[in-house]
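Chemist: Sequence first, predicted coordinates after that:
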Amino acid sequence: MSKKTIIVFSGDYDKLMAAFIIANGAAAMDDEVTMFFTFWGLAALRKPVGAVANSADKSGLQKAFSAMLPKHAEKLGLSRFNFAGAGRSMMKKVMKSENVMTVAELMETAREQGVKMIACTMSMDVLGIGKDELVDGIEYAGVATYLGEADESNVNLFI
Amino acid sequence: MSKKTIIVFSGDYDKLMAAFIIANGAAAMDDEVTMFFTFWGLAALRKPVGAVANSADKSGLQKAFSAMLPKHAEKLGLSRFNFAGAGRSMMKKVMKSENVMTVAELMETAREQGVKMIACTMSMDVLGIGKDELVDGIEYAGVATYLGEADESNVNLFI
Amino acid sequence: MSKKTIIVFSGDYDKLMAAFIIANGAAAMDDEVTMFFTFWGLAALRKPVGAVANSADKSGLQKAFSAMLPKHAEKLGLSRFNFAGAGRSMMKKVMKSENVMTVAELMETAREQGVKMIACTMSMDVLGIGKDELVDGIEYAGVATYLGEADESNVNLFI
């Protein structure tokens, strides 16, 4: 048993798949796993649209950024061949026929396996994302916490 | 002597250069090196066009994905300034004049130095890539194998 | 006290922020930190426009590449939602109001904290960037030096 820490910087659907597949694989082998979500990766932690009241204390710029970022992991694009979502839809159809889990399913499995998910508070400030917009059961911290986790890990990745 | 494991997720020509240069550098220093090719990184392992018969058991969606992915490493684009391949061509011209190896040459050197190359079988399913489409001399495995290699490595990268 | 080594491959403003925030956080905790700038990441080390005479011994292709690469860290785009610089400007405004440092400020702090910055000489050749175009106080080296640093580090990232 060892520990793995993954920085999830990217908000691309395919990179999130990779991050969660590695995290779940390690957790299944009894490793302790921490995922630190920062910048666009925070999109993976967002509650579905409609579940959140618009927070009134955002600046105009924060609202703009926040509005551009997809509201839910399953709405994220691919890093390649996305074609305004058509690529992601295609990939999800193949995944279904090949019994590959979606990001939402992978995240649910990660939770069940006790993968620790941390939202980067500095990125939340820059992108104007409030705690009320993110899913429950996650932790909030900054770079010092990340570095503490990374120091204890034998595998560290930036995705 | 120690071990290095690199996940090659990206199919960008410049990122593949970086991955192989690190792998070859480590192998030259007698390190054991494993490269785990997943998602778009699989493009680096494809046989040249014409060398493969179209596999009949692909679904329409798998055919579409497979068709979009470049058929050979030297056809891949840059992550920046690609301009429909013009950027890559320019870079390759400069590389030649500066005696920098192409990705194809770097991969050949990696083979000669005994770098272990593994194709991610789950990504192959999602992208509809068959074993007959990939070069010879590689291994096939999933995330558990990757994690085993990573656990033994003192340097782990996601590229 | 331990050591961290970060490869900075990307020239995206947001990824550079992430790289320097991790580097500065580690340095603040008395870790030894090395940043190895390669390919587009070299843009972060460029002197401001006007500070450099055009070097006469570049080939036409090197000049073209060199001209495309932004001349200063604060001119770099975001990896997402850049909109020809508007996204970066927006993000910088929010950062200012939230007291988050710019990349130029983060780099200055990194220097003050003794973070070692190395420019990859092979990438400089490929992109046609001369030493006279990069800021002072950095080192120049290739992949063997990177691997030496990485071997001594307990956290290695590719950004």
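Modeler: The structure has been received and is ready for your questions.

Chemist: got the residues of chain A near chain B?
Modeler: Chain A has residues A:2, A:14-15, A:18, A:21-22, A:25-26, A:29, A:31, A:79-81, A:90-91, A:93-95, A:97-98, A:100, A:154-159 near chain B, with proximity defined as C-beta under 8 Å from any C-beta of the partner chain. C-beta coordinates here come from the backbone N, C-alpha and C atoms, glycine included.

Chemist: now, which of the residues you listed lie within strands?
Modeler: If you go by DSSP state E, those have A:155-158 in strands.

Chemist: re earlier: ChimeraX command for the buried members of the residues of chain A next to chain B?
Modeler: Restricted to buried positions by 16 or more other C-beta atoms under 10 Å in any protein chain shown, the ChimeraX selection for these reads:
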select /A:14,15,18,21,22,25,26,29,31,79,80,81,90,91,94,95,100,154,155,156,157,158,159
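
Chemist: Now, the residues of chain A next to chain B that are in helices?
Modeler: Under the assignment DSSP state H, the residues of chain A next to chain B contribute A:14-15, A:18, A:21-22, A:25-26, A:90-91, A:93-95, A:97 to helices.

Chemist: Any idea which residue of chain A lies closest to chain B?
Modeler: For chain A, the nearest residue to chain B under the criterion C-beta to the nearest C-beta is residue A:25, separated by 3.8 Å.

Chemist: Now for that residue: which residues touch it?
Modeler: B:142-144, B:146-147 (C-beta atoms under 8 Å, 6 or more residues apart in numbering or on different chains).

Chemist: Out of those, which sit inside helices?
Modeler: Using DSSP H, these in helices are B:143-144, B:146-147.

Chemist: can you list those in TSV and add neighbour count?
Modeler: Converted to TSV, those look like this (neighbours: other C-beta atoms under 10 Å in any protein chain shown):
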residue	neighbour count
B:143	22
B:144	11
B:146	23
B:147	20
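
Chemist: Run the contact check for the helix or strand containing residue A:6 versus chain C.
Modeler: Here residue A:6, judged by DSSP states H and E, is contained in strand A:3-8. Yes. Shown here: strand A:3-8 in contact with chain C (C-beta under 8 Å from any C-beta) through residue A:7.

Chemist: Give the pairing partners of that strand; include direction for each.
Modeler: strand A:32-37 (parallel), strand A:155-158 (parallel) (DSSP bridges).

Chemist: packing partners for the worst-scoring helix or strand of chain A on mean pLDDT?
Modeler: Sorted by mean pLDDT, DSSP states H and E, the helices and strands of chain A end with helix A:60-68, the least confident at a mean of 71. Of the remaining helices and strands, those touching helix A:60-68 by 3 or more C-beta pairs under 8 Å, 6 or more residues apart in numbering or on different chains; DSSP states H and E are helix A:121-127, helix C:86-97.

Chemist: Can you flag the weakest of the ones you listed by average pLDDT?
Modeler: The weakest mean pLDDT among the helices and strands packed on helix A:60-68 belongs to helix C:86-97, with a mean of 80.

Chemist: sorry, back to before: Serialize the ones in helices among the residues of chain A next to chain B to CSV and add fields for distance to residue C:62.
Modeler: Listed next are these as CSV, based on distance: C-beta to C-beta, whole Å:
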residue, distance to residue C:62
A:14, 33
A:15, 32
A:18, 35
A:21, 40
A:22, 38
A:25, 43
A:26, 43
A:90, 40
A:91, 38
A:93, 45
A:94, 42
A:95, 43
A:97, 48
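
Chemist: ok, so of those, who is nearest residue C:44?
Modeler: Nearest to residue C:44 among those, counting by C-beta to C-beta, is residue A:15 at 22.3 Å.

Chemist: Quick check: beta-bridge partners of residue A:118?
Modeler: With DSSP bridges as the rule, residue A:118 is bridged to residue A:36, residue A:139.

Chemist: wait, doesn't it sit right on residue A:146?
Modeler: Yes. Counting by C-beta atoms under 8 Å, residue A:118 does reach residue A:146; the two are 7.3 Å apart.

Chemist: measure residue A:139 to residue A:37 for me?
Modeler: 10 Å (C-beta to C-beta, to the nearest Å).

Chemist: More neighbours: these two, which one.
Modeler: Using other C-beta atoms under 10 Å in any protein chain shown as the criterion, residue A:139 and residue A:37 rank with residue A:37 on top: 25 against 12.

Chemist: Tell me if I'm right that the more buried one and residue A:20 touch.
Modeler: No. In this structure, residue A:37 is not within contact of residue A:20 by C-beta under 8 Å, at 11.3 Å.

Chemist: Could you check which residue of chain A lies nearest chain C?
Modeler: For chain A, C-beta to the nearest C-beta, closest residue to chain C: residue A:143, 3.8 Å.

Chemist: what residues are up against the closest residue in space to residue A:95 that isn't next to it in sequence?
Modeler: Nearest residue to residue A:95, sequence neighbours excluded (C-beta to C-beta, 6 or more residues apart in numbering or on different chains): residue B:126, at 5.7 Å. The neighbours of residue B:126, taking C-beta under 8 Å, 6+ apart as the test, are A:91, A:94-95, A:98, A:100, B:39, B:65.

Chemist: Setting the sequence-adjacent residues aside, check what's closest to the residue most central in space within chain A.
Modeler: Chain A has residue A:44 as the residue nearest its centroid, 3.4 Å off, counting by C-alpha atoms, centre = their mean. Leaving aside its sequence neighbours, residue A:44 sits nearest to residue A:73 (C-beta to C-beta, 6+ apart; 4.6 Å).

Chemist: Am I right that the one you found is in contact with residue A:110?
Modeler: No. Checked against C-beta under 8 Å, the pair residue A:73 and residue A:110 is beyond contact range at 11.6 Å.

Chemist: quick one: low-confidence parts of chain A?
Modeler: A:49-57, A:61, A:68, A:83-84 (pLDDT under 70).

Chemist: how far away is residue A:126 from residue C:159?
Modeler: Counting by C-beta to C-beta - residue A:126 and residue C:159 are separated by 17 Å.

Chemist: gap between stretch A:91-101 and the chain center?
Modeler: Relative to its parent chain, stretch A:91-101 has a centroid offset of 20 Å by C-alpha atoms, centre = their mean, to the nearest Å.

Chemist: Residues in contact with that stretch: which ones?
Modeler: A:13-14, A:78, A:102, A:109, B:59, B:61-62, B:65, B:122, B:125-128.

Chemist: hey, C-alpha coordinates of stretch A:58-72 in CSV?
Modeler: What follows is stretch A:58-72, C-alpha atoms only, in CSV (Å, rounded to 0.1, in the frame of the first residue of the first chain):
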residue,chain,number,x,y,z
LYS,A,58,-19.5,37.5,-7.8
SER,A,59,-17.9,40.3,-9.8
GLY,A,60,-18.9,40.7,-13.5
LEU,A,61,-15.6,39.1,-14.6
GLN,A,62,-16.0,36.1,-12.2
LYS,A,63,-19.5,35.6,-13.6
ALA,A,64,-18.2,35.6,-17.1
PHE,A,65,-15.6,33.0,-16.4
SER,A,66,-17.9,30.9,-14.3
ALA,A,67,-20.5,31.0,-17.1
MET,A,68,-18.0,29.8,-19.7
LEU,A,69,-17.0,26.8,-17.7
PRO,A,70,-19.2,23.8,-18.3
LYS,A,71,-21.6,23.2,-15.5
HIS,A,72,-21.2,19.4,-15.2
